[in-house]
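Asks: missing the sequence, but the structure's below:
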């Protein structure tokens, strides 16, 4: 019966994922960026730069487009592919555990992959994160398996295909292959290592094609490098400064996206597992240890940002390290089979190691399960916003001649939930008090529109606090608020009729007594007509 424990844990984790997916929470800004391309562009367009400054693997984009064509643009249809990759990650953890670990090690790995808070959280974003996670876990495991069965071509074929569907597969392959070649060289001699390496031509050819058709757009994206500049070591930093920078990043990584409670605890526990696993002869240990090392090298080379969700692809490999620590410790107490009689930990060390791994696993899994249930029960908002309900409500109010107004990051919500079509959206930002405020062009941009549909959506880092009251006060100098509804915690939707003059300007704070008071700011607005080709994130 105990042999089925990992599968039972996996089934529970998959059911929790499906429960959260079924809630169909609204899309938020980052998801809307990609959703517009799925709805309004064809598969061949994905060989060109994506709209709204986005990047994603071509294969993943193509599958999402097919899902939209077949199932529609509802939230569940859009997130079905991320869900399936999330379930595949759990299934891969079961396979790894059952093939190479004891019941304790396998259960530890499956618990972590099935319930970790941030690993499962991003399964429900319309982004390729869950594909990255799945493939970054699968490729090293296939590498170990291919070496064991003396079929090295299997590793290269899987890695060559996988890079088209998840960048995680691309990132882990080179170092993983190097270690596999070293293992073969030591175990079987240079002929075996050479034969394995020769098959790498398959992967290299696939990479060159992938780069020419897809990846070069991301590598040459100036905005991408500027936006993520803080997720790289300081330019020109020396070795010690770079090491200190990485030390600080590791601590934050443990908490998010690692889902551990204490900084540096996950890295240290995984390191202990990789060392113990290598000493006991587990091929998994040195191969999976290359994954976090690859992340560090790619960041040091300023190729891949070291930031939360962008490093999610290496989280399962650290969980493999935690599981290996539990596995090796458990084998020290139960060396029943000949293959278990490898070098073992001292009994006291084994007890300490097992306690650390089990406590970390239990804490991560329990808090993640509670958070998963909470997410499944709360599906009416996303990042404190409800773009879906707010924009659709405004769309229902719209009459011929009305004009939309929103902030920079509120515009994609209108494009997605109201459609691009012929919608004219005036995009407003904040301008500090100065000569430019003599005529900011707001009235000219509105033109002869009888009414204004104002949506205040995602606006946490593109406009200052107090902006809501400033824009509403200005617009109610031109007309009266004839309809207003708040949605979730931070979405505000208003209709201002310019034909009904108000007696005095109003503010969001006056319209919604429960709104959080904000500071009063001065200034005026930057104004432009929003267009997808000129939109910069």
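Replies: Sure thing, it's come through. Remember, predicted model here, so these are calculated numbers, not experimental data.
Asks: hang on, residue 68 packs against residue 77?
Replies: Yes - with contacts defined as Cβ atoms under 8 Å, residue 68 counts as touching residue 77 at a distance of 6.8 Å. Glycine gets a C-beta too; all of them are placed from N, C-alpha and C.
Asks: in the stretch 301-450 of the chain, which spans are helices?
Replies: 315-333, 347-377, 387-397, 411-417, 442-446 (DSSP state H, counting those that start in this stretch).
Asks: residues of the last one that come out buried?
Replies: Residues 442, 445-446 are the ones in helix 442-446 that count as buried (16 or more other Cβ atoms under 10 Å).
Asks: Test my guess that residue 50 contacts residue 37.
Replies: Yes - the pair residue 50 and residue 37 qualifies as a contact (Cβ under 8 Å) at a distance of 5.3 Å.
Asks: Next, show the common contact partners of these two.
Replies: residue 61 (Cβ atoms under 8 Å, 6 or more residues apart in numbering).
Asks: now residue 123: how far from residue 116?
Replies: 11 Å (Cβ to Cβ, to the nearest Å).
Asks: nope, residue 350 is what I meant
Replies: Residue 350 is 25 Å from residue 116, by Cβ to Cβ.
Asks: likewise residue 394?
Replies: 38 Å.
Asks: One more: residue 252?
Replies: 16 Å.
Asks: the more surrounded of those two?
Replies: Under the neighbour definition other Cβ atoms under 10 Å, residue 252 and residue 116 were set side by side, and residue 116 has more, 26 against 15.
Asks: Spatially nearest residue to that one (excluding sequence neighbours)?
Replies: Closest residue to residue 116 apart from its sequence neighbours, by Cβ to Cβ, 6 or more residues apart in numbering: residue 259 at 4.2 Å.
Asks: correct me, but that neighbour touches residue 114?
Replies: No - using Cβ under 8 Å, residue 259 is not in contact with residue 114; the gap is 11.9 Å.
Asks: who has more neighbours, these two?
Replies: Each of residue 259 and residue 114 has its neighbours counted (other Cβ under 10 Å); residue 114 has more, 30 against 25.
Asks: Now do the SS call for that one.
Replies: Secondary structure for residue 114, judged by DSSP: H, G, I helix; E, B strand; the rest coil, is helix.
Asks: and it, how far is that from residue 443?
Replies: 56 Å.
Asks: With residue 63 instead?
Replies: 46 Å.
Asks: what ranges of the stretch 51-200 of the chain fall below the confidence cut-off?
Replies: Counting by pLDDT under 70, the stretch 51-200 of the chain shows no low-confidence range.
Asks: So what's the residue count around residue 513?
Replies: Residue 513, neighbours per other Cβ under 10 Å, totals 6.
Asks: Look up phi and psi at it.
Replies: phi -60, psi -20 (degrees, to the nearest 10).
Asks: cool, residue 524 as well?
Replies: phi -140, psi -150.
Asks: tally of neighbours for it?
Replies: Neighbour tally, residue 524, other Cβ under 10 Å: 20.
Asks: contacting residues around it?
Replies: 431, 433, 436-437, 440, 442, 474.
Asks: quick one: it from residue 434, how far?
Replies: 9 Å.
Asks: what's the following helix or strand after the helix or strand of the chain with the lowest mean pLDDT?
Replies: Here the helix or strand of the chain ranked lowest by mean pLDDT, DSSP states H and E is helix 222-227, holding a mean of 65. Following helix 222-227 in sequence order, the next helix or strand is helix 239-255 (DSSP states H and E).
Asks: contact partners of the next helix or strand after that next one?
Replies: Of the helices and strands lying after helix 239-255 in sequence (DSSP H and E), the nearest is helix 265-279. Applying Cβ under 8 Å, 6+ apart, the contact partners of helix 265-279 are 250, 253-254, 258, 260, 284-286, 288-289, 292, 317-329, 342-343, 345, 353, 356-357, 360.
Asks: quick one: helix 265-279 to helix 347-377, angle?
Replies: Using axes from the mean of the first three to the mean of the last three Cα atoms, to 10 degrees, the inter-axis angle of helix 265-279 relative to helix 347-377 is 130 degrees.
Asks: what about the helix or strand following helix 265-279, distance to the chain center?
Replies: Following helix 265-279 in sequence order, the next helix or strand is helix 284-300 (DSSP H and E). Relative to the centre of its chain, helix 284-300 is centred 19 Å away, using Cα atoms, centre = their mean, to the nearest Å.
Asks: Please apply the same query to stretch 317-324.
Replies: For stretch 317-324, the distance to the chain centre is 21 Å (Cα atoms, centre = their mean).
Asks: One more: stretch 349-356?
Replies: Computed by Cα atoms, centre = their mean, the separation of stretch 349-356 from the middle of its chain amounts to 33 Å.
Asks: So which bits of that stretch are buried?
Replies: Counting neighbours by 16+ other Cβ under 10 Å, stretch 349-356 gives 350, 353-354, 356 as buried.
Asks: Pull the residues that contact that stretch.
Replies: Under Cβ under 8 Å, 6+ apart, the answer for stretch 349-356 is 104, 269, 272, 276, 325-326, 328-330, 332-333, 344-345.
Asks: Go again with 6 Å.
Replies: Applying Cβ atoms under 6 Å, 6 or more residues apart in numbering, the set of residues contacting stretch 349-356 from outside is 269, 325-326, 329, 332.
Asks: Do you know the pLDDT at residue 290?
Replies: We have a pLDDT of 97 for residue 290.
Asks: So it is in contact with residue 174, correct?
Replies: No - contact criterion Cβ atoms under 6 Å: residue 290 and residue 174 do not qualify, at 8.8 Å.
Asks: Mind checking which of the two has more residues around it?
Replies: Remark: of residue 290 and residue 174, residue 290 carries more neighbours, 23 against 16, as counted by other Cβ under 10 Å.
Asks: Report the contact partners of that one.
Replies: 175-176, 179.
Asks: measure it to residue 324 for me?
Replies: As judged by Cβ to Cβ, residue 290 and residue 324 stand 14 Å apart.
Asks: The spatially closest residue to residue 499 that is not a sequence neighbour - how many residues pack around it?
Replies: Distances taken as Cβ to Cβ, 6+ apart place residue 450 nearest to residue 499, at 5.7 Å, with adjacent residues excluded. Residues lying near residue 450 (other Cβ under 10 Å) number 15.
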